[in-house]
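Chemist: return a 3D structure for these sequence lines:
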Amino acid sequence: MKPVKSLNHIGIAVRAIEPQQAYYEDVLGAIFEGIEEVPNQHVRVAFYRIGDIRIELIESTDSQSPITRFIDQRGEGLHHLAFLVDDLPARIDQLTQFGLNMIDPVPRPGADQMDVAFIHPNSCGGVLTELCQTRTR
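Modeler: This is a model prediction of the structure:
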């Protein structure tokens with residue numbers, strides 16, 4: 001199987017983005033890249049850059065959002081790792097054939113002009129894993 005291209009971002013679930021901004025900007029010196037709402041996932045996200053690494057703060061916009069459930073069960077914190085891949089649909093097919101449990105059997109629109117698909121943590125050593133590819137449509 002072809003290696004992933006790179007780590008795209010680290011997703012962190014938060015109750016609210018704004019109270020976290022001072023920590024990322026003032027304490028860590030992260031560069032704020034912007035906030036975006038992703039209606040189909042019921043979240044707002046803020047991206048920060050520290051060197052080559054991006055951090056995505058994820059805030060729920062709906063009480064039924066998976067992020068709300070995540071925070072209710074586990075509290076704020078590390079949510080997922082996201083890796084950039086080529087040909088996301090083909091990668092999903094390969095992973096399914098390999099026996100991994102996909103949360104998303106087909107890509108869906110995500111933040112930052114990306115199509116995304118998540119691999120269930122039970123297939124990844126307990127780590128929710130997002131695969132992403134720049135949207136071409």
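
Chemist: residues contacting residue 45?
Modeler: With Cβ atoms under 8 Å, 6 or more residues apart in numbering as the criterion, the residues that contact residue 45 are 17, 35-38, 56-59, 111-112. The C-beta positions use only the backbone N, C-alpha and C, and glycine is treated the same way.

Chemist: now it, nearest residue through space, not along the chain?
Modeler: Leaving aside its chain neighbours, residue 45 sits nearest to residue 111 (4.7 Å; criterion: Cβ to Cβ, 6 or more residues apart in numbering).

Chemist: shouldn't that neighbour be in contact with residue 36?
Modeler: Yes - under the criterion of Cβ atoms under 8 Å, residue 111 is in contact with residue 36, at a separation of 5.2 Å.

Chemist: which neighbours do those two share?
Modeler: Residues within reach of residue 111 and of residue 36 at once, by Cβ under 8 Å, 6+ apart, are 45, 47.

Chemist: more neighbours: which of the two?
Modeler: For residue 111 and residue 36, the more surrounded residue by other Cβ atoms under 10 Å is residue 111, and the numbers stand at 23 against 15.

Chemist: so what's the more buried one up against?
Modeler: Contacts for residue 111 were tallied using Cβ under 8 Å, 6+ apart; they are 36, 38, 41, 43, 45, 47, 56.

Chemist: using pLDDT, spot the least trustworthy of the residues you listed.
Modeler: Lowest pLDDT of the contacts of residue 111: residue 41, 90.

Chemist: relative to residue 110, how far out is that one?
Modeler: Distance check for residue 41 against residue 110: by Cβ to Cβ, to the nearest Å, it reads 7 Å.

Chemist: compare these two (neighbour count), which wins?
Modeler: Neighbours of residue 41 and residue 110, each counted by other Cβ under 10 Å, are more numerous for residue 110; the result is 24 against 20.

Chemist: ok, and the closest non-adjacent residue to that one?
Modeler: Counting by Cβ to Cβ, 6+ apart, the nearest residue to residue 110 once its immediate chain neighbours are dropped is residue 116, at 3.5 Å.

Chemist: before we move on, what about residue 1?
Modeler: Ranked by Cβ to Cβ, 6+ apart and with sequence neighbours excluded, the top spatial neighbour of residue 1 is residue 94, at 5.7 Å.
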